[in-house]
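K.L.:
Provide a 3D model corresponding to the input given below.
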Amino acid sequence: MGLFSFLKSVGEKLVGGGDAAPKAEDVKKSIDAHRLGTENVSVALEGDTVKLSGTVKDQAAYEKAVLAAGNSLGIATVDTSALTVENEEAAAPVFYTVKKGDTLWKIAEEQYGKGQGAKHTIIFEANTPMLTSPDKIYPGQVLRIPPLE
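P.N.:
Residues are numbered from 1 along each chain as shown. Predicted coordinates for the structure are as follows:
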């Protein structure tokens, strides 16, 4: 589908000690640890760009794989040009970069409209298992914003 940009200086640290850059196998382990349905996804790393290839089961797995790779310390770009969704055309995902002072409630109001803050649970669920608590978001983190049904 394309290229997705992330803040290289924020995110989950995938390797121990110092400012060591992650390796492709570190990124693959991190993605697979979330059990997103990415068993058929290969990961290559060129500098600070992760290249995902293969097939995922659905649009949600596609978007979550992008986020799991991109929200890693040292990763600036995720390239999905060789990643496909089983039996369907991948749609353009909606992502949101968390700003200082944001809460999931505030993001829901901004993305879904005034008075829609209670829909923050939809955003939280769309970003699990990468998010473990609705209170643990940080500036620079990129979140998946699913459409309202």
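K.L.:
the longest helix in the protein is where?
P.N.:
Longest helix in the chain, counting residues (DSSP state H): helix 59-70.
K.L.:
and the next element down the chain from that helix?
P.N.:
Going down the chain from helix 59-70, the next helix or strand is strand 77-85, by DSSP states H and E.
K.L.:
For this structure, give me the ranges with low pLDDT.
P.N.:
1, 15-20, 90 (pLDDT under 70).
K.L.:
Can you show me the helices along it?
P.N.:
24-33, 59-70, 104-112, 120-126.
K.L.:
ranking those helices by burial, who's on top?
P.N.:
Most buried of the helices of the chain by mean neighbour count (mean count of other CB atoms under 10 Å) is helix 59-70; its value is a mean of 23. The way it works is simple: take the backbone N, C-alpha and C, and place the C-beta from them, glycine included.
K.L.:
got a list of contacts for that helix?
P.N.:
Helix 59-70 is contacted from outside by 1, 4, 6, 11, 27, 30-31, 34, 36-38, 41, 43, 50, 52, 56, 75, 77-78, 80, 83, 85, 88, 90-91, 93, 95, 126-127, 130, 142-144, 146, using CB atoms under 8 Å, 6 or more residues apart in numbering.
K.L.:
What angle do helix 24-33 and that helix make with each other?
P.N.:
Angle of helix 59-70 versus helix 24-33, following axes from the mean of the first three to the mean of the last three CA atoms, to 10 degrees, is 140 degrees.
K.L.:
Helix 59-70: how far from the chain's middle?
P.N.:
5 Å (CA atoms, centre = their mean, to the nearest Å).
K.L.:
likewise stretch 74-93?
P.N.:
Remark: stretch 74-93 is offset 11 Å from the chain centroid, using CA atoms, centre = their mean.
K.L.:
and if you look at stretch 58-68?
P.N.:
In terms of CA atoms, centre = their mean, the centre of stretch 58-68 is found 7 Å from the chain centre.
K.L.:
Begin at 40 from now on, thanks
P.N.:
Sure, I'll start counting at 40 from here, so that last one is stretch 97-107.
K.L.:
can you pull the alpha-carbon coordinates of it into CSV?
P.N.:
Listed next in CSV are the C-alpha coordinates belonging to stretch 97-107 (Å, rounded to 0.1, in the frame of the first residue of the first chain):
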residue,chain,number,x,y,z
ASP,A,97,-7.4,-8.9,7.4
GLN,A,98,-7.3,-5.1,7.3
ALA,A,99,-6.9,-4.9,11.1
ALA,A,100,-3.9,-7.2,11.1
TYR,A,101,-2.4,-5.1,8.3
GLU,A,102,-2.7,-1.9,10.2
LYS,A,103,-1.6,-3.4,13.5
ALA,A,104,1.5,-4.9,11.8
VAL,A,105,2.4,-1.4,10.6
LEU,A,106,2.0,0.0,14.1
ALA,A,107,3.9,-2.8,15.8
